[in-house]
Every structure is written in C-alpha cells, then in structure tokens.
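Asker: Whatever this is, show me its structure:
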Amino acid sequence: MSATKTLRALLRELRAASPNGCIKNSLAARYVLAQYNKYSTTDQQLCKARDEALFLGQTYLTYLSSLRKFNELYKEYHGRGERSVRDTADMVGFKLPTDPK
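Answerer: Residues are numbered from 1 along each chain as shown. Predicted coordinates:
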C-alpha cells in the first residue's frame, strides 16, 4: 500500500472513530499529517525512516480498523440477557417451523 493510500485510510478511520465525525481540530489527525509531511521526500536512495514510518502508519491503520470492527461486532452480539427462541434462530440464520391451524 502506498503512503498516500495509507494516509487517506488513516484519516478515514480517524473520522469514523471521532464522536462528531470531524477531524479538523483533532490532535491525532494533526500528528499523522505532520509525520506524513516529515517523511514525504528524501534525497537518499534507501531511507529506512520512511519505510519504518509507512510500516507504523499501516500498523495504526490495522489497529484502528480492527478496533472499529470489534466494536461493531460487540454491539451486535453482546449479551442482552435472555433471548427468545425466535430471536436466537434469526441470529444464527435458522427458520422456525410454523404450526398449521
């Protein structure tokens, strides 16, 4: 993944994690942009710091997306007490037999 795609994905995840959806005044977004600008260009042919920064950005991206997915799954499947048979069957994808009258 290129540095630009990683930056955009990081900002997208930060926006999703923000309570109001705005990252204009976010310290995390400012830090990510500052680090991106710091390692944007170099005169060296092999720059370990740039590769390390890209790896670190991808690691943060993986962490943020995994945390978001975990919270979604937790909200969906967290125990809410006793469920009815119909709710449990719907949750796992089964259909209950119907009684003909």
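Asker: Point me to the residue sitting closest to the centre of the chain.
Answerer: With distances taken as C-alpha atoms, centre = their mean, Ser65 lies nearest the centre of the chain, 1.7 Å away.
Asker: Touching, it and Arg12? I think so.
Answerer: No. Distance between Ser65 and Arg12: 9.2 Å, which falls outside the contact criterion (C-beta atoms under 8 Å). No exception for glycine: its C-beta is placed from N, CA and C like everyone else's.
Asker: Skipping adjacent residues, who's closest to the residue nearest to the centre of the chain in space?
Answerer: Glu13 (5.7 Å; C-beta to C-beta, 6 or more residues apart in numbering).
Asker: Can you get me a residue count around the one you found?
Answerer: 19 (other C-beta atoms under 10 Å).
Asker: Just want the phi and psi numbers for it.
Answerer: The phi and psi torsions at Glu13 (degrees, to the nearest 10) take the values phi -70, psi -40.
Asker: which residues touch it?
Answerer: Each residue near Glu13 by C-beta atoms under 8 Å, 6 or more residues apart in numbering is listed here: Leu61, Leu64, Ser65, Arg68.
Asker: and of those, the nearest to Leu54?
Answerer: Leu61 (10.4 Å; C-beta to C-beta).
Asker: Give the ranges of residues in the protein that sit below the confidence cut-off.
Answerer: 41-47, 99, 101 (pLDDT under 70).
Asker: for it, which helix is longest?
Answerer: The single longest helix within the chain, with elements called by DSSP state H, is helix 48-77.
Asker: Past that helix, which element shows up next along the chain?
Answerer: helix 85-92 (DSSP states H and E).
Asker: what's in contact with that next one?
Answerer: Tyr77, Arg83, Lys95, Leu96.
Asker: Now do the closest residue to the first one other than its chain neighbours against Val85, distance only.
Answerer: In space, Tyr77 comes closest to Met91 once its chain neighbours are excluded; the distance is 7.9 Å by C-beta to C-beta, 6+ apart. The gap separating Met91 from Val85 is 11 Å, by C-beta to C-beta, to the nearest Å.
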